[in-house]
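J.: sequence-free structure coming up:
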């Protein structure tokens, strides 16, 4: 469902300027300097209204988080949530996932979260899925051997597509579940969508994909 335009979106973004990064290209290779520490950096691609990323940042002060969304009218809600919570270890950028290499250096990111990405259900739209091989190629150019992508969805077809896509692109799959909330998995943080799905009794599919394509330099 298309997000409605938010009134005064530009002004609201500006009011959260401390956490909103307008020029992420300028920070490529320098994100640790922005956070003023050497803590690991995790990113969420498609942050929605921010429930997941804000909870993660609150629960894990020793990790820096960067939330990405291509729609300003969505991102502004997440920004306002983080600002209201007084979070210091999270930043937000309006960006397309296809351009991640313009914003980050190799091994600058330690973990990627893909939560309830648009399934793009029609076969001709497969290239727009965030787990399509074209996007995985972008992620692989940034990830060091052993870095993780954590993926959750309510869409069985997208999950099956993603299983094959990760396997074909040198990712080792682990912690795969077809019913996350009844799996015994500890530490799950829900998104807004996930909360609704769980209340409706819908199964949530989850996996972790560990990149194994680079030779271990250690």
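T.: Happy to help now that I have it. The model shown is predicted, which means the values in this text are computed figures rather than measured ones. Residues are numbered from 1 along each chain as shown.
J.: can you pull up the most central residue in the chain?
T.: residue 44 (1.9 Å; C-alpha atoms, centre = their mean).
J.: partners of whichever helix or strand that one is part of in the sheet?
T.: Assignment of secondary structure by DSSP states H and E places residue 44 within strand 41-45. Its sheet considered, strand 41-45 pairs with strand 64-69 (parallel), strand 111-115 (parallel) by DSSP bridges.
J.: below-threshold pLDDT in this structure: ranges please.
T.: 1-4, 7, 214-218 (pLDDT under 70).
J.: quick one: the strands in it?
T.: Per DSSP state E, the chain carries strands over the ranges 41-45, 64-69, 90-94, 111-115, 148-153, 171-177, 205-211.
J.: quick one: which of these is nearest residue 13?
T.: Each of those was checked against residue 13 via C-beta to C-beta, and the shortest separation belongs to strand 90-94, namely 8.3 Å. C-beta: built from backbone N, CA, C; applies to glycine.
J.: so which elements touch the closest one?
T.: Of the remaining helices and strands, those touching strand 90-94 by 3 or more C-beta pairs under 8 Å, 6 or more residues apart in numbering; DSSP states H and E are helix 51-59, strand 64-69, helix 72-85.
J.: need the contact list for residue 34.
T.: 21, 27, 91 (C-beta atoms under 8 Å, 6 or more residues apart in numbering).
J.: state the number of residues packed around residue 89.
T.: For residue 89, the neighbour count with other C-beta atoms under 10 Å is 18.
J.: quick one on the thing from earlier: which one (most neighbours) among the contacts of residue 34?
T.: Highest count within these by other C-beta under 10 Å belongs to residue 91, 26 neighbours.
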